[in-house]
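J.: only geometry, no sequence info:
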């Protein structure tokens, strides 16, 4: 997330098992290089920024944002192999996107459209971040499965299961979309003004890079009660490595003068995710013990449709060799 | 141990590397199932009991005490593979016994006779439990080796080595029995009324499932001093996994109106086991680094007779394929 | 270090992955045996010294300083295989030296000459010890590379890089010597009396067993300013195992009545090593993830000359099969 970056100084984070050191350059763009000096393998993030370079704290070598060594204090020349990997970075929608693959193959057009998060005089968006101690695919499975809320989040996000629920899942290009309609479910606390029972429509879109956009519309099951509760948010899931995950959240709402401030809603979402999803997903992570879901021959339910379809899309993308794009922050 | 079980709610414990969720049913019996939902591998013990079923906290599937799914809220049918392992359980002598093997091969008659622990108007038994951070065979070796007390427990269980010690070890069916007679040893603090020196007879019986019964009789080495100190207790050793062990203790005594209450004796035993055996056995566990004793080519002493004979019996039982019975609690 | 040894009692430490139990004998010499009873693998250091023997706390077997079992309380004979490894030990220069190889091949003449540390009425030496949580070769590379001080230790040991620096490295027998001359560097805080700029000569000698002796002479770059700052110290690096390292330090100075006490200087060195080198070397250790430096194809700079030459000498010594000598304490 753009808000995480210091004005000066180095910001370090691991993506796909690779340590990355990032810093904002004089022209406002963000540079990202491997967080490891090629000399004695010191993490460059222990050093400091000098202009648009990082100086290694161990022996003073300096590298620019393309990973090239631009100063060697210990010799008359800069050795030809004195460079480190760099990673193309793009800021968009309040988020920072990194391409961990071959820089020549980076393609800005692959960044999913999250225009609906864009802040303006008419819209406010709150970002949150959790460092999750479980594997990224366990989190994605959780986020595309809307049915778990009626059990894991009873009393917070959900009031409990409804009388009837219909789920439709389809693909749109490389995206997977799920629409879930729930009839006459007990109203969750946040929508008490809609009476004791509500009908809800959940629209969820997964895009490569594990970018999930949500739109939820809730109305009273009682036709006499008007009004609606609308929610729009995004979840983005980036692997730190095979065991840990960066979990980015964005809650957005139009500034229409009627609704309460969105800050409390975003803080509540972060709290529920930490306190209710967190322990459950960590427990699932331990039970699965590093193995992939399908290799464990799980019981498959109709509610797993999106989870299975995403696996199929990722398999297809891997064949096309273009699944390297991951969101960063 | 029966006393560990909540009246309602789920009790979770690992045996032989398998997580088990247990709960008391309406008819008073205890049900035990694998602590892992077959859908997304959530631990069922994070859920709750509803009647004689467990409801998974993640997606609401319900399982009965035989591990059968009896409710699937996400579809019109219960998938045929929606079941988990269950484990036969039997309560006896204040202890809870579980069979981790094929339920059809469970045999109540294999539960060792611990009738001498049975509480009544004339007998009181105190149970204790330690979660031991060392391998179960290291604990069994310690418990069947009566000689270590004279060094590791000097000043608590023992007053020091005696002038003469005789050890006899033999088999009784699948049990191993050891009788140790110790002549003129310094009296331990608990038996000070017997004068400075005592003669002791230790009788120890190991039965499959690592059930150890002890009977100790101590008299004064001075024929002029009458009276005796009698102790009866059991130790039961159940592997949690290859690294950790459940250690159950039961101290029992007839209520004859003369002896002091047994509570202090049981608490003292638990304390000595924790503070004197615990650090030593953890250190031995680290030194052995996951390897089996005999593979390390140890120095073998005459006092190791019971330890070696038990290994022989277990080898024989494994051949008969019937060594799966383990005590549980 | 001799100062670490208790007058009576056992001192335990791991060298080259082997636990060693040491104790001072009646004749003042130090005995060292493997810290593991051959019976049930209890660490002997949990026992106690009885005369010139160690009694095992678990079953009372006693071993002398040659690792021979001299008492077996559990049988009429001492089994012929009842012995453990012993390690020749020599105290010299306030340090304790151990030979972890075949005792018959131990050779006192291989202990490097550190006579300059010898305390007397005219010289004071302060010893320090750090248990370092990084690999020993990472520490040796750090200690023979004098250039890192100008970056990692700016404001403590160093005032920053000089205008010119010359490095010469050569071998003297099995030793590697480095001489570094630095011209007109900002004066470090400890030598403020020499004016704002100083010229320094660093002389460093590495000897097998990772024994490093240092001599540093610093004078003012301003010919009008007289006086000099002299430092003499030794660093000794002994592997505990592949992951951890014993780091011994000795700072020495003649007692000439003019200089301030050496205690503050030694304490400052220990603090800088802990607070500045420690975190950096732990980070490098993590980045290298157990792999040897050269296998990672590092960028090699002219300042790495000593580090590379030491690798060559060790390779040669290994061929001669005589690289087992390690300092101990």
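T.: Yes, it's here. Source: prediction; values computed, not measured.
J.: drop to CA atoms for contacts and neighbour counts, all remaining ones
T.: Fine.
J.: hey, where'd the helices end up in the stretch 51-200 of chain A?
T.: Under the criterion DSSP state H, counting those that start in this stretch, the stretch 51-200 of chain A contains helices at A:136-144, A:149-152.
J.: residues in contact with the last one?
T.: Meaning helix A:149-152. Contacts with helix A:149-152, where a contact means CA atoms under 8 Å, 6 or more residues apart in numbering or on different chains, come from A:157, A:158, A:159, A:160, A:161, A:276, A:277, B:57, B:58, B:59, B:60.
J.: Rebuild the helices of the stretch 51-200 of chain A as a markdown table, extending it with mean pLDDT.
T.: A markdown table is the format used below for the helices of the stretch 51-200 of chain A (pLDDT from 0 to 100):
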| stretch | mean pLDDT |
| --- | --- |
| helix A:136-144 | 97 |
| helix A:149-152 | 96 |
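J.: could the ones you listed go into a markdown table alongside mean neighbour count?
T.: Below are these laid out as a markdown table (neighbours: other CA atoms under 10 Å in any protein chain shown):
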| stretch | mean neighbour count |
| --- | --- |
| helix A:136-144 | 21 |
| helix A:149-152 | 22 |
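J.: Tabulate those helices (JSON lines), appending distance to residue B:112.
T.: Shown next, in JSON lines, are the helices of the stretch 51-200 of chain A (distance: least, CA to CA, whole Å):
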{"stretch": "helix A:136-144", "distance to residue B:112": "44"}
{"stretch": "helix A:149-152", "distance to residue B:112": "43"}
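J.: Specify the stretch among those that is closest to residue C:182.
T.: Nearest to residue C:182, of all these, is helix A:136-144, at 52.0 Å by CA to CA.
J.: Can you tell me which helices and strands that closest one packs against?
T.: strand A:228-239, helix A:278-288, helix A:305-319 (3 or more CA pairs under 8 Å, 6 or more residues apart in numbering or on different chains; DSSP states H and E).
J.: Relative to chain C, which of those is closest?
T.: strand A:228-239 (18.9 Å; CA to the nearest CA).
J.: Give me the contacts around that closest one.
T.: The contact list for strand A:228-239 (CA under 8 Å, 6+ apart) reads A:15-17, A:117, A:135-136, A:139-140, A:191, A:194, A:209-220, A:245-253, A:326-328.
J.: Just give the number of residues close to residue A:100.
T.: Number of residues near residue A:100 (other CA atoms under 10 Å in any protein chain shown) recorded here: 22.
J.: go on, residue A:294?
T.: Residue neighbour count, defined by other CA under 10 Å, stands at 11 for residue A:294.
J.: how far away is it from chain C?
T.: As judged by CA to the nearest CA, to the nearest Å, residue A:294 and chain C stand 31 Å apart.
J.: quick one on the thing from earlier: with residue C:48 as the reference, name the closest of the helices of the stretch 51-200 of chain A.
T.: Ranking these by proximity to residue C:48 (CA to CA) places helix A:136-144 first, at 52.4 Å.
J.: Contacts made by that closest one with the rest, please.
T.: A:148, A:178, A:204, A:206, A:210, A:237-239, A:242-245, A:281, A:284-285, A:306-307.
J.: Which single residue in the stretch 101-250 of chain A comes nearest to chain B?
T.: residue A:148 (5.0 Å).
J.: Help me confirm that that residue comes into contact with residue B:73.
T.: No. If you go by CA atoms under 8 Å, residue A:148 and residue B:73 don't touch, sitting 10.8 Å apart.
J.: higher neighbour count, those two?
T.: Counted by other CA under 10 Å, residue A:148 and residue B:73 do not tie: residue A:148 has more neighbours, with 21 against 14.
J.: Now do the nearest residue in space to that one that is not next to it in sequence, the pLDDT please.
T.: Take residue A:148 and drop its neighbours on the chain: the residue closest to it by CA to CA, 6 or more residues apart in numbering or on different chains is residue B:59, 5.0 Å away. pLDDT, residue B:59: 97.
J.: who are the neighbours in contact with residue B:59?
T.: A:147, A:148, A:150, A:151, A:152.
J.: how does it look with 7 Å?
T.: By CA atoms under 7 Å, 6 or more residues apart in numbering or on different chains, the residues touching residue B:59 are A:147, A:148, A:151.
J.: quick one, phi/psi of the residue of the stretch 201-329 of chain A found nearest chain B?
T.: Nearest to chain B, among the residues of the stretch 201-329 of chain A, is residue A:299, at 4.4 Å (CA to the nearest CA). Main-chain dihedrals, residue A:299, degrees, to the nearest 10: phi -70, psi 130.
J.: Report the buried residues of stretch A:13-33.
T.: Taking 16 or more other CA atoms under 10 Å in any protein chain shown as the neighbour-count basis, stretch A:13-33 is seen to contain the buried residues A:13-15, A:19-25, A:30-33.
J.: Sort out which one of these lies nearest chain B for me.
T.: Distance to chain B across these (CA to the nearest CA) is lowest for residue A:15, with 25.8 Å.
J.: How about the closest one, nearest residue that isn't a chain neighbour?
T.: With CA to CA, 6+ apart, the residue lying closest to residue A:15 is residue A:240, at 4.4 Å.
J.: Pipe the buried residues of stretch A:13-33 into a markdown table and attach secondary structure and pLDDT per row.
T.: Formatted as a markdown table, these follow (DSSP: H, G, I helix; E, B strand; the rest coil; pLDDT from 0 to 100):
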| residue | secondary structure | pLDDT |
| --- | --- | --- |
| A:13 | strand | 97 |
| A:14 | strand | 98 |
| A:15 | strand | 97 |
| A:19 | strand | 98 |
| A:20 | strand | 98 |
| A:21 | strand | 98 |
| A:22 | strand | 97 |
| A:23 | strand | 96 |
| A:24 | strand | 95 |
| A:25 | coil | 95 |
| A:30 | strand | 96 |
| A:31 | strand | 97 |
| A:32 | strand | 98 |
| A:33 | strand | 98 |
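J.: OK, contacts around the residue in the stretch 201-329 of chain A positioned nearest to chain C?
T.: Closest approach between the stretch 201-329 of chain A and chain C, counting by CA to the nearest CA: residue A:241, at 14.7 Å. Residue A:241 makes contact with A:15, A:16, A:17, according to CA under 7 Å, 6+ apart.
J.: For it, report the pLDDT, please.
T.: For residue A:241, pLDDT reads 97.
J.: from what I can see, it looks like it's in a helix, true?
T.: No. Using DSSP: H, G, I helix; E, B strand; the rest coil, the secondary structure at residue A:241 is coil, not a helix.
J.: Residue A:170 is in contact with residue A:176, isn't it?
T.: Yes. The pair residue A:170 / residue A:176 is scored as a contact, 5.9 Å apart, by CA atoms under 7 Å.
J.: re the thing from before, deepest-packed of the helices and strands packed on helix A:136-144, please.
T.: A comparison of the helices and strands packed on helix A:136-144 by mean neighbour count, using mean count of other CA atoms under 10 Å in any protein chain shown, puts strand A:228-239 on top with a mean of 20.
J.: after it, next one along is what?
T.: Next helix or strand after strand A:228-239 toward the C-terminus (DSSP states H and E): strand A:245-254.
J.: Thanks again, I'm all set now.
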